[in-house]
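Trainee: Using only what follows, build the 3D model:
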Amino acid sequence: MPKALPPQRLPARVVVLTGASSGIGHATALALAREGAHLVLAARGAEALGKVAAECELLDAQALAVPTDVTDAQAVRALADAAIARFGRIDVWINNVGIGAVGAFDATPIESHQRVIEANLIGHINGAHAVLPHFRQRGRGTLINMISSGGWLVAPYSAAYTASKFGLRGFSEALRAELSSLPAVHVCELYPTFVDTPGLMHGANYTGRRLRPPPPVLDPHRVAASLVALSHTPRAVTTLGSVALPGRLAHALAPQLTGRLAVRLADRALRHADSAPITNGNLFEPSHVHTVEGGYRTLAMRAAPPLAAAALLGTLGLGAFWAWRARRAS
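Mentor: Modelled structure (predicted):
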């Protein structure tokens with residue numbers, strides 16, 4: 001009887017990941033490395049990016065670090081070319097860059113608003129524009145856009161961030177419709193609530209107050225696991241976090257009420273926050289902190305506050321629903 005041949009191992013997937021030097025991107029790079037993906041990692045800071053690539057290689061993955069500013073379309077095109085030159089193809093492209101500027105709209109420099117839009121929205125568009133010709137040629141591929149719950153809920157004192165995330169949602173939906181004739185080419189959207197990353201420490205702050213994300217705060221490794229899952233089994237829309245769906249419901253039924261409540265909660269948090277220097281953060285230069293976690297998931301945040309926040313948004317959603325019904329009846 002002839003000896004059975006060993007099962008053939010599937011070729012490693014080639015994944016391009018932007019925003020890979022810290023936070024969700026760093027966690028995702030490690031998660032993909034553990035399952036043997038070939039990685040092409042991008043971020044502005046060459047030194048930090050090289051360290052993440054080295055960590056991935058310690059996990060027996062192949063990793064190529066390509067320092068890239070996603071606001072530069074030619075640089076993003078070069079990123080795609082580098083991935084194809086090294087590994088022969090791209091299977092998954094994850095647009096993960098995200099920056100923010102917190103402050104009253106007219107007290108925030110217009111250049112800062114523009115930079116947020118360029119990085120969060122135009123950066124994702126540049127990534128899609130660079131990889132989609134390759135996906136069309138191969139007839140397959142997965143594009144994942146990291147959006148956040150800010151694509152559904154307004155964030156007072158982060159007007160440009162809100163604009164970029166609402167824009168990303170519309171861009172993703174339009175792109176998915178345009179590609180509907182290519183069933184093996186997928187456009188995925190991921191909407192996590194606040195995540196425990198150094199993002200707020202990295203970002204621009206024009207409030208004069210120390211910023212903290214409101215609970216509940218997600219574990220970045222959980223978000224990374226969702227990105228890995230989407231890379232295997234694409235789906236159009238994925239939300240993460242206990243308050244995501246109640247928040248969407250509240251905004252859908254009573255957007256003005258939801259916005260007023262959001263700004264009141266933000267004002268209260270800022271009044272009770274410690275003083276902090278005005279800073280442009282990482283808008284115009286790479287970040288200096290490159291950890292995965294931001295240190296916000298304390299024991300207090302893990303206990304009652306998540307349930308309280310979920311109950312608050314759920315109550316708001318129900319209240320908005322009854323208000324809508326009352327207006328409709330009248």
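Trainee: need the contact list for Asp30.
Mentor: Just to correct that, residue 30 is Leu rather than Asp. By Cβ atoms under 8 Å, 6 or more residues apart in numbering, the contact set of Leu30 is Val52, Glu55, Cys56, Leu59, Ala224. (Each C-beta comes from the backbone N, C-alpha and C, glycine too.)
Trainee: which phi and psi does the fourth one have?
Mentor: It refers to Leu59. The phi/psi pair for Leu59 (degrees, to the nearest 10) reads phi -90, psi 20.
Trainee: Over to the closest residue to it other than its chain neighbours. Which of the three states is it?
Mentor: Closest residue to Leu59 apart from its sequence neighbours, by Cβ to Cβ, 6 or more residues apart in numbering: Ala33 at 4.2 Å. At Ala33, secondary structure determined by DSSP: H, G, I helix; E, B strand; the rest coil is helix.
Trainee: and Gly170, how many neighbours?
Mentor: If you count neighbours by other Cβ atoms under 10 Å, Gly170 ends up with 11.
Trainee: quick one: buried residues of the helix or strand encompassing it?
Mentor: In this assignment (DSSP states H and E), Gly170 forms part of helix 159-178. Using 16 or more other Cβ atoms under 10 Å as the test for burial, helix 159-178 gives 159-169, 171-172, 175-176.
Trainee: quick one: which of these is nearest to Gly150?
Mentor: Checking these against Gly150 with Cβ to Cβ, the nearest one is Lys165 at 3.9 Å.
Trainee: State the distance from that closest one to Glu55.
Mentor: Distance, Lys165 to Glu55, by Cβ to Cβ, to the nearest Å: 29 Å.
Trainee: Gly98 too?
Mentor: Distance, Gly98 to Glu55, using Cβ to Cβ: 21 Å.
Trainee: And those two? Which one has more around it.
Mentor: More neighbours surround Gly98 than the other of Gly98 and Glu55, with 28 against 15 (other Cβ under 10 Å).
Trainee: shouldn't that one be in contact with Ala119?
Mentor: Yes. Under the criterion of Cβ atoms under 8 Å, Gly98 makes contact with Ala119 at 7.4 Å.
Trainee: Pro67 and Gly45 touch, don't they?
Mentor: Yes. Using Cβ under 8 Å, Pro67 makes contact with Gly45 at a distance of 7.2 Å.
Trainee: picking up where we left off before, model confidence score at the residue nearest to Leu59, please.
Mentor: At Ala33, the model reports a pLDDT of 98.
Trainee: from memory it sits against Ala63, does it?
Mentor: Yes. Applying Cβ under 8 Å as the test, Ala33 and Ala63 come out as touching, 6.8 Å apart.
Trainee: Now do the shared contacts for the two.
Mentor: Counting by Cβ under 8 Å, 6+ apart, the residues touching both Ala33 and Ala63 are Leu39, Cys56, Glu57.
Trainee: Any of those buried? List them.
Mentor: Leu39, Cys56.
Trainee: quick one: contacts for Arg175?
Mentor: Not Arg; residue 175 is Leu. Ala128, Leu143, Val187.
Trainee: mind listing the strands for the stretch 51-200 of the chain?
Mentor: 63-65, 92-95, 101-102, 141-146, 185-192 (DSSP state E, counting those that start in this stretch).
Trainee: Adding mean pLDDT and mean neighbour count, write those strands out as CSV.
Mentor: Listed next are the strands of the stretch 51-200 of the chain as CSV, based on pLDDT from 0 to 100; neighbours: other Cβ atoms under 10 Å:
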stretch, mean pLDDT, mean neighbour count
strand 63-65, 98, 22
strand 92-95, 98, 27
strand 101-102, 96, 24
strand 141-146, 98, 25
strand 185-192, 97, 23
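Trainee: In this structure, where is pLDDT below threshold?
Mentor: Applying pLDDT under 70 to the chain picks out residues 1-10, 298-330.
Trainee: If the residue nearest in space to the middle of the chain is in a bridge, with which residues?
Mentor: By Cα atoms, centre = their mean, the mean C-alpha position of the chain lies nearest to Met146, the distance being 3.4 Å. Beta-bridge pairing for Met146 (DSSP bridges): Leu190.
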